[in-house]
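Visitor: Structure for the following, please:
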Amino acid sequence: MFTGIIQSVGTVESLEGENLIISGNSNKFLKHDLGTSISIDGVCLTLRGYVKESLNFQVSRESRERSVINQYIPGQRVNLELPLTMETFLSGHIVQGHVDTITTVSSIEEVSDDLWNYYFKNNNYKYLVDKGSITINGVSLTLVNPTDKQFSISIIRETYDRTNFNNLQVGTSVNIEFDIMAKYVERALNDK
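Guide: This is a model prediction of the structure:
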């Protein structure tokens, strides 16, 4: 489980078959036990090992098909987060690392030097509510004015500088994880 507060941005070194190698730019991702869960752009992957000082993951077909991992190329920047601990501030929201769908950036509006609005295609996602939580590429964010055609989020300078949002462009695909609470409520209502 994660919080959606990105701790570092890494770089894709290679993706060959099921083998994904990511180099980090922070020592906090080194020397963890094999089997540790790490969020890569919002996808919970299991640490398989280290190649020098890079992280090695095995990526299942399910993870590749449901996320943007299949589109990774060497040099691409990815958001990294270690799992939630009992001592971690829950500054974002509860994020499982289970991507629900992929969507694309439809436009980016620079509001000021320190604020951007990102707009995404909405394929009638039933879990989107104004001021509700959403996870995009592993980042915990607040939804703004979702409609049946699009939704948007605002990115402040701190988030822009600490994540791969500064590399997103119109047409870029992103991972989406809906708020787990909304999914539980839907399940409870459907089971009546």
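
Visitor: so what strands line up beside the strand or helix carrying Asn175?
Guide: For Asn175, the host element (DSSP states H and E) is strand 173-178. With DSSP bridges as the test, strand 173-178 is paired with strand 101-112 (antiparallel), strand 133-136 (antiparallel).

Visitor: Report the secondary structure state of Ala148.
Guide: In this structure residue 148 is Asp, not Ala. On the three-state scheme (DSSP: H, G, I helix; E, B strand; the rest coil), Asp148 is labelled coil.

Visitor: Find me the pLDDT at it, would you?
Guide: For Asp148, the pLDDT comes out at 88.

Visitor: distance of it from Tyr118?
Guide: In this view, Asp148 and Tyr118 are 18 Å apart by CB to CB, to the nearest Å. (Each C-beta comes from the backbone N, C-alpha and C, glycine too.)

Visitor: Settle it for me: which of those two has more neighbours?
Guide: It is Tyr118, of Asp148 and Tyr118, that has more neighbours when counted by other CB atoms under 10 Å, with 23 against 10.

Visitor: you'd agree that one is up against Ile153?
Guide: Yes. Tyr118 lies in contact with Ile153 (CB atoms under 8 Å); the separation is 5.5 Å.

Visitor: on that earlier part again, any buried residues in the strand holding Asn175, and which?
Guide: By neighbour count with 16 or more other CB atoms under 10 Å, strand 173-178 contains the buried residues Val174, Asn175, Ile176, Glu177, Phe178.

Visitor: Show the residue spans covered by the strands in this structure.
Guide: Under the criterion DSSP state E, strands of the chain are mapped to 8-16, 19-23, 37-40, 43-51, 54-58, 77-81, 101-112, 115-121, 133-136, 139-144, 150-156, 173-178.
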